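In: 3D model of this:
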Amino acid sequence: MKTAKLSDLVVLIRGAGEMATGVAHRLWRAHLSVCMTEVPNPLAIRREVSFCEALHDGEKTVEGISAKRVIDVEAIKPTWSKGKIPVLVDPEAVVKKFLRPHVVVDAILAKRNLGTRLGDASLVIGLGPGFHAGKNVHLVIETNRGHNLGRLIWEGTAEPDTGTPGEIEGYSVERVLRAPETGRFEPLKKIGDLVEENETVALVKGVPMKSRISGVLRGILRDGTSVQKGLKSGDVDPRGNRDACFTISDKARAIGGSVLEGILFTFNR
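Out: Sure thing, here's the model as predicted:
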């Protein structure tokens, strides 16, 4: 295990969506140096709490912490010095050769391993299904809601993907909005808007995407996104709490705390 002072730890996070942002936010508040990588056109739904939005807008602030898009590796350290988290387009995480991070966190949530390996860092962490602690990562974090959410798994795998969204006030699959057609996505509502059951929230090639329940629109794809029919494109929260649309979820915050625990367990000795 490569030794380092806690204040010197560098953490590379693969992915910059909702869960990855919850992790990055918690680590950054703990004064760790964090860098994030993403695909060129991420399909984040909960965009108001996803640092990947910095790739479109240049910068994204979530609960007082800002992430900034950087074009090359030379801009990473200057971005840290300005108190911001660097995010760059790098699907293969090639930047790790330059950063030589102490910790790599695979937070892509692809339900499978997209190339993360034990040798990537002294501590390699995988979030959710697709990873095996002791084989392709050192540590797996349970991401399935329930009694084991956030559990640290040092040997073995997380629970299998259920394919079913978490339940909120009795609603599960009903909360999810899916593209009704293949084509260009055109939202008619914005994040934080209240929507009614059967109300049209977006269009794809003129075909309406309707909400199946009433609530607040917690997430929706960006205007102009190219979508395939059936792609998850929005999320309605039946609780109707607008503030929750702009703050990190309990799940993302819990997972971020678990990653921090794993880092401290490994390096704070």
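
In: for this protein, list the residue farthest from the centre, please.
Out: Gly206 (30.1 Å; CA atoms, centre = their mean).

In: what's whichever strand or helix holds Val34 in contact with?
Out: Using DSSP states H and E, Val34 falls within strand 33-38. By CB atoms under 8 Å, 6 or more residues apart in numbering, the surrounding residues in contact with strand 33-38 are 8-16, 20, 24, 27-28, 51-52, 55, 67, 76, 80, 85-91, 93, 95, 99, 101. To be clear about C-beta, it is placed using only N, CA and C from the backbone, and glycine gets the same treatment.

In: just the ones in strands from these, please.
Out: Assigned to strands by DSSP state E, the following of the contacts of strand 33-38 qualify: Val10, Val11, Leu12, Ile13, Arg14, Ala67, Ile85, Pro86, Val87, Leu88, Val89.

In: which one is the third one nearest to, not counting chain neighbours?
Out: So that's Leu12. Closest residue to Leu12 apart from its sequence neighbours, by CB to CB, 6 or more residues apart in numbering: Pro101 at 4.1 Å.

In: can you tell me the closest non-neighbouring residue to Ile213?
Out: Nearest to Ile213 is Glu174, by CB to CB, 6+ apart, at 5.1 Å.

In: ok so, going back, list the residues that contact the residue farthest from the centre of the chain.
Out: Per CB under 8 Å, 6+ apart, neighbours of Gly206: none.

In: quick one: pLDDT of it?
Out: As predicted, Gly206 sits at a pLDDT of 95.

In: so which bits of the lengthiest helix in the chain are buried?
Out: Scanning the chain for the helix with the most residues, using DSSP state H, yields helix 250-267. Residues of helix 250-267 classed as buried by neighbour count (16 or more other CB atoms under 10 Å): 251-260, 262-263, 266-267.

In: burial check on Phe185, number of neighbours?
Out: Neighbours of Phe185 under the rule other CB atoms under 10 Å: 23.

In: that one pairs with what?
Out: Note on Phe185: beta-bridge partners by DSSP bridges are Val204.

In: returning to that earlier point: write the PyMOL selection for whichever of the contacts of strand 33-38 are buried.
Out: Only the buried entries of the contacts of strand 33-38 go into this PyMOL selection, using 16+ other CB under 10 Å:
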select buried, resi 9+10+11+12+13+14+15+16+20+24+27+28+51+52+55+67+76+80+85+86+87+88+90+93+95+99+101
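
In: show me what stretch 141-161 is in contact with.
Out: With contacts defined as CB under 8 Å, 6+ apart, stretch 141-161 is touched by 19, 109, 111, 125-129, 131-134, 138-140, 162, 166-167, 251, 254-255, 257-259, 261-262, 265.

In: picking that back up, quick check, nearest of the ones in strands among the contacts of strand 33-38 to Thr247?
Out: For these, the residue nearest Thr247 by CB to CB is Ala67; the value is 15.9 Å.

In: I'm done for today, thanks for sticking with me.
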